[in-house]
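J.: Sharing a model prediction with you, sequence too.
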Amino acid sequence: MPPLKLAIVGGGPSAFYVASRLLSLLPESSARASHLKIDMYDRLWAPYGLVRYGVAPDHPEVKNCTHKFAEAATDPRLRFFGNVNIGSPAPISHTLPLSLESLFPYYTHVLFSTGCTVPVLHSALPPSQFCVPALSLVHWYTQHPSKPAPPPLERTSHVTLIGQGNVSLDVARMLLTPPSVLAKYDVPQPVLDLLARSAVQHVSIVGRRGPFQAAFTTKELREMMNLPDASMVPLDPALLTAPVGRPAPTRQQARTLQLLQKGSKNAPGTTPKTWSLDFFRSPTGIATPTNAGEKARLTLEHTKLDAGNRAVPTGESSTLDTDLVITSLGHRAEAGAPWYDAALGHVRTASGRVLDAGGRVVKNVYASGWAAMGARGVLVSTMMDAYAVADTILRDHFPEEDVHTTPISESDADADNAAAGGGLAEEAVEVLPKEVEADAIPPEVEAGWREGRVTDFANWKAVDAEEVRRGEALGKERERMVWEEAREFLASVRSRTASNP
């Protein structure tokens, strides 16, 4: 059996979960250990994807999974190459571009764990200085390498969030929490400085359906209720009554209902800042101001639920004056991603195997996480999907052996693929070689690594330790580096890293 040399495109949670599972199933002590080699490529110079650049800074416990990822990276069979953008152009200028045609000849297997990086926009709310996607805010306060423009908080008193999921509540909490409270967390100093100058007084969180359908979790809502300097505008009690003829509330809905009935820790009217949950409202347009200092005017259609729990218009509408609209409506994969299916919004797969437009399996090419399922679920579901994909990879490569790891059932991705039309074709498309050199990498990557443009995991460990050291000096979790700082820092320690990637 020829070796399994796997290129993983993406360096986030799904990528690391797949890699760690494969390494654990073929431990270094096993007879098959030498058959496995994994190279992980990420367009970001630092590993961990959404864990580093998506998790809210005041949720450090969510980042504990990085300990498992770092442990996997100690296995010499796994190599990390950061700041390498594979495929479609990246919104990050300093990455090393690498085409798929340059990557494929070096690997027998490829896994796409590229996530869903494109925000879904609202058709009635075109992007402007008055309307931005939530991802822009998240990337700002996590200091993402794409360097989005900071929000104009000094001249913003009213913010409107469209969407009532956890990301909306994360953004609202960041805007309403005193910087002195955030200062101990992994919040970059420039972000804290701007938050200290913020003029935000109220955040409206708008949703087209009601409290029983809201996507936020009880934990996130409770954190909003306990904000030290903000209070919630009380809700109409009628909204918190279960509709007649509807199913009884679930356990989580009941907990949410109790929190909403109780209200925020601080009584309304006693805090410098406020926030509201505006249910049964759907934006239909925005009128931007023509004069400086004026607010934008957001038009909201009033809605109700039909028999299928869909939001439908009532015929009424209202307007809301606001300084900044932030849309949080989900994400999709990049349209230029290999084997992207526009109907799905992500790569077309079946049990982790990538399919072409004709429904044929692309042999030894796989996808995991949001790249395969769409932007849904939490870290636990990402982990379980990754384990299942790792199982599929090993079963395909070692068909005569029992390498089953997790139960394989009809996944959400498979259901989506079936809905998109077409089943699996029996023939397979081959795009990868059957045998390759075990340690070879594309020459562009090796040259980039030697020049200090491409990072490896040893580089990351050095940066990680330095960020923590700088943070400790400031009394916080860490103080992040941007790429330019990291490259300058790494140049000073480059001679102490391994001589070969």
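T.: Thanks, I have the structure now. Numbering: from 1, shown residues only.
J.: so who does H94 touch?
T.: Listed by CB atoms under 8 Å, 6 or more residues apart in numbering, the contact set of H94 reads W45, N83, P145, R453, W483. In short, each C-beta sits where N, CA and C put it, glycine included.
J.: Break down the stretch 351-500 of the chain into its strands, ranges please.
T.: Listed in chain order, the strands of the stretch 351-500 of the chain (DSSP state E, counting those that start in this stretch) span 353-355, 360-367, 425-429.
J.: Lowest mean pLDDT across these, which one is that?
T.: Among the strands of the stretch 351-500 of the chain, strand 425-429 carries the lowest mean pLDDT, a mean of 73.
J.: quick one: which of the strands of the stretch 351-500 of the chain is nearest A214?
T.: Among these, strand 360-367 comes nearest to A214, with 30.2 Å by CB to CB.
J.: Can you name every helix or strand that that closest one contacts?
T.: strand 109-112, strand 349-350, strand 353-355, helix 379-397, strand 425-429 (3 or more CB pairs under 8 Å, 6 or more residues apart in numbering; DSSP states H and E).
J.: Kindly provide the whole-number mean pLDDT of the first one.
T.: Yep, that's strand 109-112 we're talking about. Here strand 109-112 scores 98 as its mean pLDDT.
J.: Quick one, which of the strands of the stretch 351-500 of the chain gets closest to T177.
T.: In terms of CB to CB, the element of the strands of the stretch 351-500 of the chain nearest to T177 is strand 360-367, at 36.5 Å.
J.: The closest one - which strands sit beside it in the sheet, and in what orientation?
T.: strand 109-112 (parallel), strand 353-355 (antiparallel), strand 425-429 (parallel) (DSSP bridges).
J.: Pull the distance from that strand to the chain's centre.
T.: Taking CA atoms, centre = their mean, to the nearest Å, one finds strand 360-367 lying 24 Å from the centre of the chain it belongs to.
J.: can you check stretch 187-203 too?
T.: Distance, stretch centre to chain centre, for stretch 187-203: 22 Å (CA atoms, centre = their mean).
J.: hmm, who's touching that stretch?
T.: Contacts of stretch 187-203 from elsewhere in the structure, counted by CB under 8 Å, 6+ apart, are 57, 140-143, 150-151, 153-161, 172, 174-176, 179, 182-183, 272-276, 474, 476, 479-480.
J.: Name the helix or strand of the protein that has the lowest mean pLDDT.
T.: helix 412-419 (a mean of 43; mean pLDDT, DSSP states H and E).
J.: pLDDT below threshold where in this structure?
T.: When residues are selected by pLDDT under 70, those of the chain lie in 1, 402-426, 495-501.
J.: could you list every residue that touches M225?
T.: Going by CB under 8 Å, 6+ apart, M225 touches M232, L259, K262, G263, S264, K265.
J.: Please pick the buried ones from the residues you listed.
T.: M232, L259, S264 (16 or more other CB atoms under 10 Å).
J.: wait, doesn't L176 sit right on A230?
T.: Yes. Contact status for L176 versus A230: in contact at 4.4 Å, counting by CB atoms under 8 Å.
J.: Find the residues that touch each one of those two.
T.: Common neighbours of L176 and A230, using CB under 8 Å, 6+ apart, are K273, W275.
J.: residues near S128, how many?
T.: When neighbours are defined as other CB atoms under 10 Å, S128 has 11 of them.
J.: Spatially, what comes nearest to it if we skip its sequence neighbours?
T.: Spatial nearest neighbour of S128, chain neighbours left out: T288 (6.1 Å); criterion: CB to CB, 6 or more residues apart in numbering.
J.: A254 looks like it's in a helix, true?
T.: Yes. For A254, which was evaluated using DSSP: H, G, I helix; E, B strand; the rest coil, the result is membership in a helix.
J.: what helices or strands is the longest strand along the chain leaning on?
T.: For the chain, the strand with the greatest residue count under DSSP state E is strand 311-322. Contacting strand 311-322 under the criterion 3+ CB pairs under 8 Å, 6+ apart are the following elements: strand 158-162, strand 281-287, strand 296-305.
J.: Give me the buried positions along that strand.
T.: Judged by neighbour count (16+ other CB under 10 Å), strand 311-322 contains these buried residues: A311, L320, T322.
J.: my read: the first one touches S282, true?
T.: Yes. The pair A311 and S282 qualifies as a contact (CB under 8 Å) at a distance of 6.3 Å.
J.: in the stretch 151-300 of the chain, which spans are helices?
T.: Under the criterion DSSP state H, counting those that start in this stretch, helices of the stretch 151-300 of the chain are mapped to 166-176, 179-182, 189-196, 218-225, 251-262.
J.: Ok, which of the ones you listed comes nearest S113?
T.: Closest among the helices of the stretch 151-300 of the chain, using CB to CB: helix 166-176, at 20.3 Å.
J.: Run through the neighbouring helices and strands of the closest one.
T.: The contact analysis (3+ CB pairs under 8 Å, 6+ apart) places helix 166-176 against helix 134-141, strand 158-162, strand 202-206, helix 218-225, strand 273-278.
J.: So which of those is the most surrounded?
T.: Comparing the helices and strands packed on helix 166-176 on average neighbours per residue, with mean count of other CB atoms under 10 Å, the densest one is strand 158-162 at a mean of 25.
J.: for that strand, the distance to its chain's centre please.
T.: Averaged C-alpha coordinates place strand 158-162 at 21 Å from its chain's average position (CA atoms, centre = their mean).
J.: Spatially nearest residue to L474 (excluding sequence neighbours)?
T.: Ranked by CB to CB, 6+ apart and with sequence neighbours excluded, the top spatial neighbour of L474 is Q189, at 7.7 Å.
J.: Filter the contacts of H94 down to the ones in helices?
T.: With DSSP state H as the criterion, helices contain W483 from among the contacts of H94.
J.: most neighbours, which of the contacts of H94?
T.: N83 (27 neighbours).
J.: Please name the residues that touch it.
T.: For N83, the contacting residues are D42, R43, L44, W45, H94, T95, L96, G448, R453, V454, T455, W483, taking CB under 8 Å, 6+ apart as the criterion.
J.: What does the closest residue to A473 other than its chain neighbours show for phi and psi?
T.: Closest residue in space to A473, ignoring its immediate chain neighbours: E479 at 7.9 Å, by CB to CB, 6+ apart. Torsion angles at E479 (phi, psi; degrees, to the nearest 10) stand at phi -120, psi 110.
J.: Check whether E479 really touches D464, as I assumed.
T.: No. With contacts counted by CB under 8 Å, E479 stays clear of D464, the gap being 11.8 Å.
J.: residues near D58, how many?
T.: Other residues near D58 come to 18 when the count uses other CB under 10 Å.
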